[in-house]
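Chemist: Give me the fold of what follows.
(one chain, ligands or ions: 1)
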Amino acid sequence: MTPSARVQAAIEVLDLVIEAARGNGAPADRLISDWFRTRRFAGSKDRRAVRELAYRAIRTCGEIPADGRAAMLRVARDDGELAALFDGGRHAPQPIAPEEPVAKAGVAPFWLVERLAASGVAEEDAAHLLERAPLDVRLNPLRGSVDDLPEGAEPTQAANGWRYPPETRIEQTPAYERGLIEVQDTGSQLTCEALAARPGETVIDLCAGAGGKTLTLAAAMENTGTLVACDTDRPRLSRLAPRAARAATLPIETVLLNPGREAEALGPWQGRADAVLVDAPCSGTGTWRRNPEARWRLTPAQLDRYAATQARLLDLAATLVRPGGRLVFVTCSLLDEEGAAQAESFLSRNPGWQAQALELAAGTARGAGTRLSPWHDGTDGFFVARFERL
Ligand SMILES: C[S@@+](CC[C@H](N)C(=O)[O-])C[C@H]1O[C@@H](n2cnc3c(N)ncnc32)[C@H](O)[C@@H]1O
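Modeler: Model (predicted):
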């Protein structure tokens, strides 16, 4: 493909991404892969270039753009070489007309910029959410040592965290194939450290998804004790077993929950857990580095729904913890309604609980918990708080 044809391809891909963001359709990554599946003429360099152009436009535009061309014109406005590729040639975008609409640049939609500001996140800090994320891995010390790590690793703040440049093909290394390392953001590793899971304990991961944090907890428990992984999403939860087998963890009991009727399946665990992790569904404002188009999708009504689910799951989790046990609440969000305010209202609804100070190797205090962020800690954005049942 010529450089101009790549720009036109990115514009077409962006049209699909914008349409999907409006209609809650497939994520950008999948749309881009699907687009190329029917265009065999594109080589791997073309794919990479088109993908990079599309993501550059997504990162540049805070509000959802009118269409792909308006988004790409916004990028071209600050890049003369790119603008010159709008030459009207074969497979190229049409030349830029003088009064053509250009999308607005920005960090996020205005309402979200305001909510972030109200949560103590200035716009210049939020801009770090649009940088390219590094590639972090967690070494499983039960399976391998630092000598087994692929070359180029730099230690991170997490006990077993190591960092590589984003383009590293970690999945093709022997350490990955042998299950010695898992790809996991350092912030995510630190939130697991907050639970301080110990060998022999009974630990419940209430929102386990495909088990990223469950595997971290298994390693912290040195593969002894009882580990229960729950989720309402069957396909996600079913991905846990093969991952656990690869990492050779202790047997993990999975419990598929019925949304709205979670307590029924959790009856046998009432008051029995030493520790419960609630890695709750959330807006994902802390993970825009990996998923920048998420900021085009979020609405105030969805945010309210996430906050209501988080409160409900926290109260449910509290019933599972034994006296003296602990509960850790995590969201990958920088909004207080999914963080400090949520922790505060949990404590006011549940007088038999108190917040515990966290001694993590990164983060800043936020209400009863800790905030991790790209600008302060070099991690994805998280809120994490630990509560003890009195
Ligand atoms: C932030 S993700 C969890 C990610 C996972 N812990 C990890 O580290 O990879 C939140 C999860 O909560 C699940 N979820 C949503 N509603 C739930 C509910 N009512 N009860 C339990 N899990 C729920 C979602 O399916 C999703 O997998």
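Chemist: Get me the contact residues on the stretch 251-390 of the chain for the ligand.
Modeler: Applying C-beta under 6 Å from any ligand atom, we find that the stretch 251-390 of the chain lies next to the ligand at 257, 259, 262, 279, 281, 309, 313. Quick note: C-beta positions are derived from backbone N, CA and C, even for glycine.
Chemist: if we go to 8 Å?
Modeler: 257, 259-260, 262, 277, 279-282, 284, 309, 312-313, 316, 330-332 (C-beta under 8 Å from any ligand atom).
Chemist: now these: which count as buried?
Modeler: Using 16 or more other C-beta atoms under 10 Å as the burial test, these include 257, 262, 277, 279-282, 284, 309, 313, 316, 330-332 as buried.
Chemist: Quick check: the closest residue to the ligand within the stretch 51-200 of the chain vs residue 315, distance?
Modeler: The ligand sits closest to residue 188 of the stretch 51-200 of the chain, with a gap of 6.2 Å, by C-beta to the nearest ligand atom. To residue 315, residue 188 is 24 Å away according to C-beta to C-beta, to the nearest Å.
Chemist: More neighbours: those two, which one.
Modeler: residue 188 (26 against 13; other C-beta atoms under 10 Å).
Chemist: What pLDDT is listed against the most centrally placed residue in the chain?
Modeler: Among the residues of the chain, the one closest to the centroid is residue 287, at 4.4 Å (C-alpha atoms, centre = their mean). Predicted confidence (pLDDT) for residue 287: 97.
Chemist: and the gap between it and residue 379?
Modeler: Relative to residue 379, residue 287 is positioned 10 Å away (C-beta to C-beta).
Chemist: ok so, going back, I'd say the residue of the stretch 51-200 of the chain closest to the ligand and residue 381 touch.
Modeler: No: taking contacts as C-beta atoms under 8 Å, residue 188 lies outside contact range of residue 381: 10.9 Å.
Chemist: Could you chop this protein up by domain?
Modeler: 3-106, 136-182, 186-389 (automatic domain parsing).
Chemist: Shouldn't residue 94 be within a helix?
Modeler: No: according to DSSP: H, G, I helix; E, B strand; the rest coil, residue 94 belongs to no helix; its state is coil.
Chemist: what number of residues lie near it?
Modeler: For residue 94, using other C-beta under 10 Å, the count is 12.
Chemist: Could you find the closest non-adjacent residue to it?
Modeler: Leaving out its chain neighbours, the residue that sits closest to residue 94 by C-beta to C-beta, 6 or more residues apart in numbering is residue 88, at 5.3 Å.
Chemist: Stretch 104-119 spans what distance, first to last residue?
Modeler: 24 Å (C-alpha to C-alpha, to the nearest Å).
Chemist: Contacts for it, please.
Modeler: The contact list for stretch 104-119, computed with C-beta atoms under 8 Å, 6 or more residues apart in numbering, reads 60-65, 74, 123, 126-127, 129-130, 285, 288, 295-296, 298, 300, 303, 334-337, 339-340.
Chemist: can you tell me the average pLDDT over that stretch?
Modeler: pLDDT averaged over stretch 104-119 gives 97.
Chemist: Next, the buried residues of that stretch.
Modeler: 106-109, 112-113, 115-116, 119.
Chemist: distance between that stretch and the chain's centre?
Modeler: 19 Å (C-alpha atoms, centre = their mean, to the nearest Å).
Chemist: swap in stretch 286-296?
Modeler: For stretch 286-296, the distance to the chain centre is 8 Å (C-alpha atoms, centre = their mean).
Chemist: Output the buried residues of stretch 104-119 in CSV, with distance to the ligand and secondary structure appended to each entry.
Modeler: Output for those, formatted as CSV (distance: C-beta to the nearest ligand atom, whole Å; DSSP: H, G, I helix; E, B strand; the rest coil):
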residue, distance to the ligand, secondary structure
106, 26, coil
107, 22, coil
108, 20, coil
109, 22, coil
112, 19, helix
113, 23, helix
115, 19, helix
116, 19, helix
119, 18, coil
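Chemist: Determine which two of those are furthest apart.
Modeler: Maximum pairwise distance among the buried residues of stretch 104-119 (C-beta to C-beta): 17.5 Å, between 106 and 119.
Chemist: Number of residues surrounding residue 358?
Modeler: If we define neighbours as other C-beta under 10 Å, then residue 358 has 19 of them.
Chemist: same check, this time on residue 45
Modeler: Each residue near residue 45 was counted by other C-beta under 10 Å, and the total is 10.
Chemist: Just give the number of residues close to residue 171.
Modeler: 8.
Chemist: Pass me the low-pLDDT residue ranges in the stretch 1-150 of the chain, would you?
Modeler: Of all residues in the stretch 1-150 of the chain, none has pLDDT under 70.
Chemist: pretty sure residue 11 is touching residue 70, no?
Modeler: No: when contacts are counted by C-beta under 8 Å, residue 11 is not listed as touching residue 70 (9.3 Å).
Chemist: who's more crowded, those two?
Modeler: More crowded of residue 11 and residue 70, by other C-beta under 10 Å: residue 11, with 22 against 19.
Chemist: re earlier: give me the three-state assignment for the residue of the stretch 51-200 of the chain closest to the ligand.
Modeler: Looking at residue 188 with three-state DSSP, the answer is helix.
Chemist: ok, it - contacts?
Modeler: Residue 188 neighbours (C-beta under 8 Å, 6+ apart): 212-213, 216, 332, 379-380, 382.
Chemist: Surely residue 324 and residue 356 touch.
Modeler: No: using C-beta under 8 Å, residue 324 makes no contact with residue 356, being 11.7 Å away.
Chemist: who's more crowded, those two?
Modeler: Of the pair residue 324 and residue 356, residue 356 is the one with more neighbours under other C-beta under 10 Å, namely 17 against 9.
Chemist: Now do the same contact list for the more buried one.
Modeler: Listed by C-beta under 8 Å, 6+ apart, the contact set of residue 356 reads 326, 386-388.
Chemist: Let me know the closest of these to residue 152.
Modeler: residue 386 (33.7 Å).
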